[in-house]
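Asker: prediction below, plus the sequence it came from.
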Amino acid sequence: MIEEIKKACQVMNEGGVILYPTDTIWGIGCDATNEEAVRRVYQIKQRSDSKAMLVLVDSSVKVDFYVQDVPDVAWDLIELADKPITIIYSGARNLAPNLLAEDGSVGIRVTNEEFSKRLCRQFRKAIVSTSANVSGQPSPGNFSEISEELKSMVDYVVKYRQAEMERPKPSGIIKLGKGGVIKIIRE
């Protein structure tokens, strides 16, 4: 696993795009601060860059770096979540502009899964995480369901966990609005 993490980090540091296992489904990823790498992910997914993508970080401490004003309720949600949860925050910063939603918000998930957590820690920056499929197609339940075409479009495919056949669920998504308003987007 350590060699896989080193190689994935090297590819992302060079502006490349990876295919990797996350705490939910397999994801297409890149350096979330690199506008050109983010553009490539949109091209691979064949989707317009007006649709924001989420990012993974390895600890809640990192959320502060990417969000101007983290609502207090966010810390409780992160701490108490019993399954992966993506929180959409207003006032994103220190990320590629084309990664953000039109209102300047960004979805961030603190991953607790071993591989993606170590990958984020080693990379030291947020990593884009978007489902490994062309926009509009079903999300793959496991590695075997990812199209060969998509695999050929990324710069590096992580070997770790490819044989697993479980079908993890996507994360829950919660949007935090002004004044602590919570809107559940996906349970």
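Answerer: Happy to help now that I have it.
Asker: helix or strand: which one has the residue nearest in space to the middle of the chain?
Answerer: Nearest to the mean C-alpha position of the chain, by Cα atoms, centre = their mean, lies residue 129 at 2.2 Å. Using DSSP states H and E, residue 129 maps to strand 127-131.
Asker: helices and strands around that strand, which ones?
Answerer: With contacts defined as 3 or more Cβ pairs under 8 Å, 6 or more residues apart in numbering; DSSP states H and E, the secondary structure elements packing on strand 127-131 are strand 27-29, helix 35-45, strand 54-57, helix 114-123. Any C-beta I mention is one placed from the backbone N, CA and C, and that applies to glycine too.
Asker: closest to residue 89 out of those?
Answerer: Of all the helices and strands packed on strand 127-131, the one in closest proximity to residue 89, counting by Cβ to Cβ, is strand 54-57 (10.6 Å).
Asker: just the residues contacting that closest one, thanks.
Answerer: Strand 54-57 has contacts (Cβ atoms under 8 Å, 6 or more residues apart in numbering) with 22-23, 27, 29, 32, 63, 66, 86, 95, 99, 106-111, 116, 120, 126-130.
Asker: and with 7 Å instead?
Answerer: Residues external to strand 54-57 that are found in contact with it (Cβ atoms under 7 Å, 6 or more residues apart in numbering): 22, 32, 63, 86, 95, 106-111, 116, 120, 126-130.
Asker: before we move on, what about stretch 110-121?
Answerer: Under the criterion Cβ under 7 Å, 6+ apart, external residues in contact with stretch 110-121 comprise 1, 5, 8, 20-23, 56-60, 63, 78, 127, 160-161.
Asker: among these, which are located in strands?
Answerer: Using DSSP state E, the members of those that fall within strands are 20, 56-57, 127.
Asker: centre of the chain to the strand holding residue 129, how far?
Answerer: The chain centre lies 3 Å from the centre of strand 127-131; the measure is Cα atoms, centre = their mean, to the nearest Å.
Asker: helices and strands around the next helix-or-strand element following it, which ones?
Answerer: Toward the C-terminal end, the helix or strand that comes next after strand 127-131 (DSSP H and E) is helix 148-153. Identification of packing neighbours for helix 148-153 by 3 or more Cβ pairs under 7 Å, 6 or more residues apart in numbering; DSSP states H and E yields no helix or strand.
Asker: show me what counts as buried in helix 148-153.
Answerer: Neighbour counts using 16 or more other Cβ atoms under 10 Å place 150, 153 of helix 148-153 among the buried residues.
Asker: for it, list the C-alpha coordinates in PDB.
Answerer: As requested, the backbone C-alpha atoms of helix 148-153 are provided in PDB (Å, rounded to 0.1, in the frame of the first residue of the first chain):
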ATOM      1  CA  GLU A 148     -12.100   0.200 -19.500                       C
ATOM      2  CA  GLU A 149     -12.400   3.400 -21.400                       C
ATOM      3  CA  LEU A 150     -12.400   5.400 -18.200                       C
ATOM      4  CA  LYS A 151      -9.500   3.400 -16.800                       C
ATOM      5  CA  SER A 152      -7.500   4.300 -19.900                       C
ATOM      6  CA  MET A 153      -8.100   8.000 -19.500                       C
END
